[in-house]
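1. build me a model:
(4 chains)
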Number of protein chains: 2
Amino acid sequence: MQIKVAIVEDQRDLREMLGILINGSPGFACIGTFADAEEALLKISDTSPDVVLVDIHLPGKSGIQLIAQLTLQMPNTKFMVCSSLEDDENIFNALKAGANGYIIKSSAPVKILDAIQDVYNGGAPMSSQIARKVVAHFNPRSQDHAEFNKLSPREKEILAYLAKGYRYKEIAGFLFISVETVRKHIQNIYEKLQVGSRTDALNKIGGKSILF
Amino acid sequence: MQIKVAIVEDQRDLREMLGILINGSPGFACIGTFADAEEALLKISDTSPDVVLVDIHLPGKSGIQLIAQLTLQMPNTKFMVCSSLEDDENIFNALKAGANGYIIKSSAPVKILDAIQDVYNGGAPMSSQIARKVVAHFNPRSQDHAEFNKLSPREKEILAYLAKGYRYKEIAGFLFISVETVRKHIQNIYEKLQVGSRTDALNKIGGKSILF
DNA sequence: AGGTCAATTACACTTTCGTGGGATTTGGAA
DNA sequence: TTCCAAATCCCACGAAAGTGTAATTGACCT
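-> This is a model prediction of the structure:
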């Protein structure tokens, strides 16, 4: 069975080139091309594609907004962003809008076909460099170890409980120490991390609470 | 120049097999193998590897904890998780701990070498299925958390400020409403999420305050 | 032996948070 | 229209969190 692909791309030559590539490849069928978001919104639901290639930089409504709307209407369709840049903001906004993959326009044709196949099969194709950005976004750990490492083991331990939302009284119970001690430790933790509340501390350390 | 690889893997046969694979491949050198986290922590800094393959399921301290510690000591080294499963929790914990890639043990040898090369060059190798899980975490619609979706737009907005650690008074200032209203919204949020504190609420919605 | 630091406890005090009511307005759904 | 959810505001009370200052113990380092 063929994978039905639709294209939303404002540059005419690229749009036609992609159409030819897809129609010329066995297992793929280009069943619609659109030059802008408005046209796509009106007509694309009639074509019921399996995969839609969406350019981010469209005149008028952006490709990200388009994806956000279409994913609501077509829950079973996969969306793959085609961008000329590896712009961080666009990557994350596209993923948040519901895009399933993110490829660079200048990719080799065979890479593009691979990506379509992959996204159709439930994968999340993206270049290695883009994956790196995504992973980096997940990991708030960059340079700020300095403050975190100033914490004593006991303080890290207490911070872990803090992260889990326990009250001072409960933490004191777990560690068999008085609430006053817990309070004092937390006071020291906040000072070392240069924050003034539990939530600030947790935002500062990001996902590091799994250290314990 | 060769890529210096270290291995942390408790299963002896797999550990040796990987070592042979790496040493037998041009451009790669296995400069250390370790059977558990404790051994790795003691000796690995002497070997200064470029890439470390870490099994998640180690006796004693888990591979994730190991990565969390080693990334602090060796900021220029890349870490790649080797797991036998595609366990969601492990994937995200590994990424949060600072892992750069995530591959399945049963991958073809050439895939493993590719992944080492990729992670060494700043990529984030992971299988298509794992990438899908990562991407899904970015996508609001994949979060079918029934409770979360009960929140009204206004409540989500306030929850976002709550996640950033602002006080009621500050939130009220941002939204041009009274503190009492903020308080009431939060009361409703806690009720819908079935929690009793700010930290509980944030833990409930996970690290996904980026939705706003 | 003296010094430093982590860990511990204590008390007093202020601020913020969480909970319990109750109230009004508005817009959309039944 | 009636009903309801959402958003807004108010009051009061107790619990929890955060701040400041002070003191004691034990371990480790010089």
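
2. could you point out which residue ranges in chain A have low pLDDT?
-> Chain A contains residues with pLDDT under 70 at A:61, A:69, A:72-73, A:75, A:86, A:88-89, A:135-147, A:149, A:206-212.

3. the residue of chain A most remote from its centre - nearest residue in space that isn't next to it in sequence?
-> Computed with CA atoms, centre = their mean, the residue of chain A farthest from its C-alpha average is residue A:178, at 43.1 Å. What sits nearest to residue A:178 in space, not counting adjacent residues and going by CB to CB, 6 or more residues apart in numbering or on different chains, is residue A:172, at 5.9 Å. Every C-beta, even on glycine, is put in place using the N, C-alpha and C of the backbone.

4. next helix or strand past the helix or strand harbouring the one you found?
-> Using DSSP states H and E, residue A:172 sits within helix A:168-175. Note on helix A:168-175: by DSSP H and E, the next helix or strand toward the C-terminus is helix A:179-193.

5. and that next one, what other elements does it pack with?
-> helix A:145-149, helix A:153-163, helix A:168-175, helix A:198-205 (3 or more CB pairs under 8 Å, 6 or more residues apart in numbering or on different chains; DSSP states H and E).

6. could these go into JSON lines alongside mean neighbour count and distance to DNA strand C?
-> Formatted as JSON lines, the helices and strands packed on helix A:179-193 follow (neighbours: other CB atoms under 10 Å in any protein chain shown; distance: least, CB to the nearest atom of the strand, whole Å):
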{"stretch": "helix A:145-149", "mean neighbour count": "13", "distance to DNA strand C": "11"}
{"stretch": "helix A:153-163", "mean neighbour count": "19", "distance to DNA strand C": "3"}
{"stretch": "helix A:168-175", "mean neighbour count": "15", "distance to DNA strand C": "6"}
{"stretch": "helix A:198-205", "mean neighbour count": "20", "distance to DNA strand C": "8"}
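
7. out of those, flag the one nearest residue B:38.
-> helix A:153-163 (16.5 Å; CB to CB).

8. how about the closest one and chain B, touching?
-> Yes: using CB under 8 Å from any CB of the partner chain, helix A:153-163 comes into contact with chain B via A:162, A:163.

9. for that helix, packing partners?
-> Short answer (3+ CB pairs under 8 Å, 6+ apart): helix A:153-163 packs on helix A:168-175, helix A:179-193, helix A:198-205, helix B:198-205.

10. can you put those helices in a markdown table and add distance to residue A:44?
-> Shown next, in a markdown table, are the helices and strands packed on helix A:153-163 (distance: least, CB to CB, whole Å):
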| stretch | distance to residue A:44 |
| --- | --- |
| helix A:168-175 | 54 |
| helix A:179-193 | 50 |
| helix A:198-205 | 40 |
| helix B:198-205 | 32 |
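
11. so how far is residue A:179 from the residue nearest to residue A:178?
-> 5 Å (CB to CB, to the nearest Å).

12. got it, and residue A:205?
-> Taking CB to CB as the measure, residue A:205 falls 23 Å from residue A:179.

13. mind giving me the domain split of chain A?
-> A:3-131, A:141-210 (automatic domain parsing).

14. ranges for the helices of chain A?
-> Per DSSP state H, chain A carries helices over the ranges A:12-23, A:37-47, A:63-73, A:88-97, A:109-120, A:128-138, A:145-149, A:153-163, A:168-175, A:179-193, A:198-205.

15. direction-wise, compare the last one with helix A:153-163 and give the angle.
-> Right, the one you point to is helix A:198-205. Angle of helix A:198-205 versus helix A:153-163, following axes from the mean of the first three to the mean of the last three CA atoms, to 10 degrees, is 110 degrees.

16. helices or strands next to helix A:198-205 in the packing?
-> helix A:145-149, helix A:153-163, helix A:179-193, helix B:153-163, helix B:198-205.

17. the fourth one near DNA strand D anywhere?
-> In other words, helix B:153-163. Yes: Helix B:153-163 is in contact with DNA strand D by CB under 7 Å from any atom of the strand, via B:153, B:154, B:155.

18. list the contacts of stretch A:107-125.
-> Stretch A:107-125 is contacted from outside by A:3, A:5, A:18, A:21-22, A:25, A:27-28, A:50-51, A:53, A:78, A:80, A:100-103, A:127, B:128-129, B:131-132, B:134-136, using CB atoms under 8 Å, 6 or more residues apart in numbering or on different chains.

19. wait, stretch A:169-187
-> A:154, A:155, A:157, A:158, A:161, A:162, A:166, A:168.

20. pipe these into TSV and attach distance to residue A:111 per row.
-> Below are the contacts of stretch A:169-187 laid out as TSV (distance: CB to CB, whole Å):
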residue	distance to residue A:111
A:154	52
A:155	49
A:157	48
A:158	50
A:161	48
A:162	46
A:166	49
A:168	55
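
21. closest to DNA strand D among these?
-> Closest approach between the contacts of stretch A:169-187 and DNA strand D, by CB to the nearest atom of the strand: residue A:168, at 3.7 Å.

22. contacting residues for the closest one?
-> Here residue A:168 is in contact with A:179, A:182, A:183, A:186 (CB under 8 Å, 6+ apart).

23. make a PyMOL selection of whichever of those residues turn out to be buried.
-> Applied in PyMOL, the following selects the buried portion of those according to 16 or more other CB atoms under 10 Å in any protein chain shown:
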select buried, chain A and resi 182+186
